[in-house]
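Student: A structural model of the following input is requested.
(one chain, ligands or ions: 1)
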Amino acid sequence: MISKLLQQARDYEKEHMKEVAPAERPCYHVTGSRGWINDPNGFSFYKGEYHLFYQYYPYENEWGPMHWGHSVSKDLITWEYRPAIMAPDQPYDNFGCFSGSALELDDGRHLIMYTGVEKVPCADGSIKQYQAQCMAVGDGRDYVKYEGNPVITVKDIPVSGSSEDFRDPKIWQEDDGKFYAVAAGAAGDGTSNILLFGSEDAFHWEFLNVLDSSSKKLGGMWECPDFFELDGKHMLMVSPMAMMPEGLKYHVGHGTLCISGTYDKAAHTFHRESVQPIDSGIDFYAPQTMLTPDGRRVMVAWMQAWSNTKFVPHGVKYFGQLTVPRELSFRDGQLIQQPVRELDAYRTDPVRYDRVEITEETSLEGVNGRVLDMTVKLQADGNYEEFIMKVACGDEYYTSVAYDPKKEVLCIDRSHSGYLFDILHRREIQVPPLNGAVTLRCVMDRFSLEIFINDGSQTATVTYFTPLEAEGITFAAKGKATIGIEKYALSFS
Ligand code: FRU
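Tutor: Numbers count the residues shown, from 1 in each chain. Alright, predicted model coming up:
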């Protein structure tokens, strides 16, 4: 039975999604059919399709009582809308159905684990949130919330916790058939714990251990944890709130971390070995991963910064995009990200330049467009002080990517991209060259640029709402720089 609230959301999407013309949306980055989205949820492969759900409020371009929106794809690149699957329609989730994850049960049902948030009115008239973990099962289209919800509450945690911050379960199944989940919990003293739970049947859970903790050094609350094996190590990914900056490695505010280490499966203990940012650009948060049927670990994230969400550019009728799905690997202590290989099938019109000397601002024949996959190889030891590439470039607009070879700093700046808000527009990233060059694979859609730096060993993601006529790309150097280019248009017709 579909609740009134869910039916209302489905009717609303059906009626209003047509108001966004296809050209106003990205070509291959997921957005909500209408209204607001944030974190990717329930990223999974089920009955021959990739399912990508997301935090969703269809009625406004701003965060509201959270629903789950739904898109499906055969190849992780071309997505199709399905009706929303959850609305905040139960007493235990009447404040919102917060983030969570999904997997296929052995009996063929699609299982969702999410955070139900209940509104608890207080004596002083204020409202408190009560967060607990809940389940729902479905068939890839319709889902039914479990009658035993919530399945894990803060009372089930034998360490200090808070019912106001206990969320974002990520579920998986081990080879022995047992289920595990990690969730984020605040410990009440400004730190947060990543809590590990285990279950025989995915509905009855027991607390197993604290896997790691922010210890106040790496932000306060850690949101949206994910935990998985990658190339012989274990990765704990978290999205910390309230980080302090550390050189150019971590910026202030919301960030994302990949903590690599070793996991003792029998003892349920994780030993941290190294910590690195996941993406060093402006718009990247709450990543979630899945394992593809052919064994690739693929990650997708919300392509947006929380601190900028109040500033929806005029005329934009949806808000929030997800990144291109990225294949992960772990090499020499480094997380490596690449756009999923399925993107290659959409490449057309190759353009190549082997060695071009760049001095004053110039454009190169065939190198332009807004929807493309372009790798620029910049010799880092050239005779120049700064190299500047501009994309989404028109008479008044551009977003620049500049490299200072002396400081080994890459700077992204979207202050001329057309945003008329005094928000964060600039980010500097320490980028040492690799084998004498800095390689920038720029994966662009209409309203975003994702840079995979030096074979994906660092990434930087930025969004902009520059008018689509601004499709120039220029290169300039203070001094003389040498670049090579391999560029493809991405075609979705
Ligand atoms: C992260 C987050 C999650 C929460 C969701 C609510 O962006 O704050 O912790 O579940 O968004 O929409």
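
Student: Provide a list of residues in contact with Leu468.
Tutor: Neighbour list for Leu468: Ala23, Arg370, Arg446 [criterion: C-beta atoms under 8 Å, 6 or more residues apart in numbering]. Every C-beta, even on glycine, is put in place using the N, C-alpha and C of the backbone.

Student: Quick one: buried ones out of those residues?
Tutor: If you count burial by 16 or more other C-beta atoms under 10 Å, the buried members of those come out as Arg370, Arg446.

Student: Could you list the residues of the stretch 151-300 of the chain in contact with the ligand?
Tutor: Within the stretch 151-300 of the chain, the positions lying close to the ligand (C-beta under 6 Å from any ligand atom) are Arg167, Asp168, Glu223, Cys224, Tyr285, Ala286.

Student: Can you check the pLDDT for Ala87?
Tutor: Per-residue pLDDT puts Ala87 at 98.

Student: so who does it touch?
Tutor: Ser3, Leu5, Leu6, Gln8, Ala9, His67, Cys97.

Student: The third one is in contact with Pro88, isn't it?
Tutor: Pointing back at Leu6 there. No - here Leu6 does not reach Pro88: they are 9.4 Å apart, not a contact under C-beta atoms under 8 Å.

Student: Can you give me the end-to-end span of stretch 191-205?
Tutor: The stretch stretch 191-205 measures 24 Å between its terminal residues, going by C-alpha to C-alpha, to the nearest Å.

Student: Any regions of the stretch 351-493 of the chain where pLDDT drops low?
Tutor: Scanning the stretch 351-493 of the chain with the threshold set as pLDDT under 70 gives no residue ranges.

Student: Could you double-check that Ile2 sits in contact with Arg141?
Tutor: No - in this structure, Ile2 sits apart from Arg141 without contact. The criterion is C-beta under 8 Å, and the distance is 10.7 Å.

Student: Neighbour count for the two, which is higher?
Tutor: Set side by side, Ile2 and Arg141 give different neighbour counts by other C-beta atoms under 10 Å, the larger being at Ile2 (16 against 11).

Student: That one and the ligand, how far apart?
Tutor: 22 Å (C-beta to the nearest ligand atom, to the nearest Å).

Student: what about that residue, which SS state?
Tutor: What DSSP: H, G, I helix; E, B strand; the rest coil gives for Ile2 is coil.

Student: Pull the number of nearby residues for the closest residue to it other than its chain neighbours.
Tutor: By the measure of C-beta to C-beta, 6 or more residues apart in numbering, the closest residue to Ile2 outside its immediate chain neighbours is Asp142, 7.1 Å from it. Neighbour count of Asp142, defined by other C-beta under 10 Å: 14.

Student: Model confidence for Asp142, exactly?
Tutor: The predicted local confidence for Asp142 is 98.

Student: My guess is it contacts Leu6. True?
Tutor: No - under the criterion of C-beta under 8 Å, Asp142 is not in contact with Leu6, lying 9.2 Å apart.

Student: Name the residues contacting each of these two.
Tutor: Shared between the contact lists of Asp142 and Leu6 (criterion: C-beta under 8 Å, 6+ apart) are residues Ile85.

Student: For the stretch 51-200 of the chain, which segments are assigned as strands?
Tutor: Under the criterion DSSP state E, counting those that start in this stretch, the stretch 51-200 of the chain contains strands at 67-73, 79-86, 96-104, 110-121, 127-138, 143-145, 166-173, 179-186, 192-199.

Student: Can you list the helices and strands that the last one packs against?
Tutor: Which is strand 192-199. In this structure, strand 192-199 makes packing contacts with strand 179-186, strand 206-213, strand 222-230, judged by 3 or more C-beta pairs under 8 Å, 6 or more residues apart in numbering; DSSP states H and E.

Student: follow-up on the earlier one: nearest to Thr359, of the strands of the stretch 51-200 of the chain?
Tutor: With C-beta to C-beta as the criterion, Thr359 lies closest to strand 79-86 of the strands of the stretch 51-200 of the chain, at 42.2 Å.

Student: for that closest one, packing partners?
Tutor: Of the remaining helices and strands, those touching strand 79-86 by 3+ C-beta pairs under 8 Å, 6+ apart are helix 4-16, strand 49-57, strand 67-73, strand 110-121, strand 127-138, strand 143-145.

Student: for those, which one sits closest to the ligand?
Tutor: Checking the helices and strands packed on strand 79-86 against the ligand by C-beta to the nearest ligand atom gives strand 49-57 as the closest, at 4.2 Å.

Student: neighbouring strands for the closest one, and are they parallel or not?
Tutor: Based on DSSP bridges, the pairing partners of strand 49-57 within the sheet are strand 35-46 (antiparallel), strand 67-73 (antiparallel).

Student: The residue in the stretch 101-250 of the chain positioned nearest to the ligand bridge partners, please.
Tutor: With C-beta to the nearest ligand atom, the shortest gap between the stretch 101-250 of the chain and the ligand falls at Glu223, namely 3.6 Å. Judged by DSSP bridges, the bridge partners of Glu223 are Ser239.

Student: quick one on the thing from earlier: tell me which of the helices and strands packed on strand 192-199 lies nearest to Lys407.
Tutor: strand 222-230 (31.1 Å).

Student: Buried ones in that closest one, by neighbour count?
Tutor: Neighbour count says strand 222-230 has Trp222, Glu223, Cys224, Pro225, Asp226, Phe227, Phe228, Leu230 buried, by 16+ other C-beta under 10 Å.

Student: For Ser101, see how far away Phe43 is.
Tutor: Counting by C-beta to C-beta, to the nearest Å, the separation of Phe43 from Ser101 is 7 Å.

Student: any idea how far the residue nearest to Gly366 when sequence neighbours are not counted lies from the ligand?
Tutor: Once flanking residues are discounted, Gly366 sits nearest to Val351: 3.8 Å by C-beta to C-beta, 6+ apart. Between Val351 and the ligand the distance, using C-beta to the nearest ligand atom, works out to 38 Å.
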